[in-house]
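S.K.: What follows is a predicted structure for the sequence shown.
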Amino acid sequence: MDDELERIRMNKLKKLMSKFSGVSESKKKAEVVSLNQSNFESFVMNENAVVDFYADWCGPCKMISPVIAELAYEYAGRVVFGKLNVDENEQIAASFAISAIPALMFFKKGKAVDVLVGAYPKSEIKAWIERNL
């Protein structure tokens, strides 16, 4: 019983600290999630999810990586963002016929609804996200 009360107190304290620090819960969830075989399926089951299919050696992938991080912050609470290394997760990439990277795929409740292939500027990626919301 005491452990349960302590857990409740700690949760309330965290919420208060978050409120007064100016960082909302949704902004904390603005991280870009590293995806792999074990978490991919559950990740794309979110209401709206964007997966960045990339490789470490890919120059254009490196160019859009900071853009994806910015968009994750801007769309926190509305869209979740994840990155999947195609070299380490070949089966997943092949199952979605990813043949060129970077490739951004928009999922709605587990269903792939659109793909954007190439290194586009932030404004175009943002417009693509808005079209899919």
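M.R.: Okay, I see it.
S.K.: in this structure, which residue is closest to the centre?
M.R.: Nearest to the geometric centre of the chain sits Phe81, at 1.1 Å (Cα atoms, centre = their mean).
S.K.: What's the separation between that one and Val32?
M.R.: Distance, Phe81 to Val32, by Cβ to Cβ, to the nearest Å: 5 Å. In this view, the C-beta of every residue, glycine as well, is placed from N, C-alpha and C.
S.K.: Give me the three-state assignment for the residue nearest to the centre of the chain.
M.R.: With DSSP: H, G, I helix; E, B strand; the rest coil as the basis, Phe81 sits in strand.
S.K.: what sits against it?
M.R.: For Phe81, the contacting residues are Val32, Val33, Ala49, Val50, Val51, Asp52, Ile68, Ala69, Leu71, Ala72, Tyr75, by Cβ atoms under 8 Å, 6 or more residues apart in numbering.
S.K.: distance between the ends of stretch 75-93?
M.R.: 25 Å (Cα to Cα, to the nearest Å).
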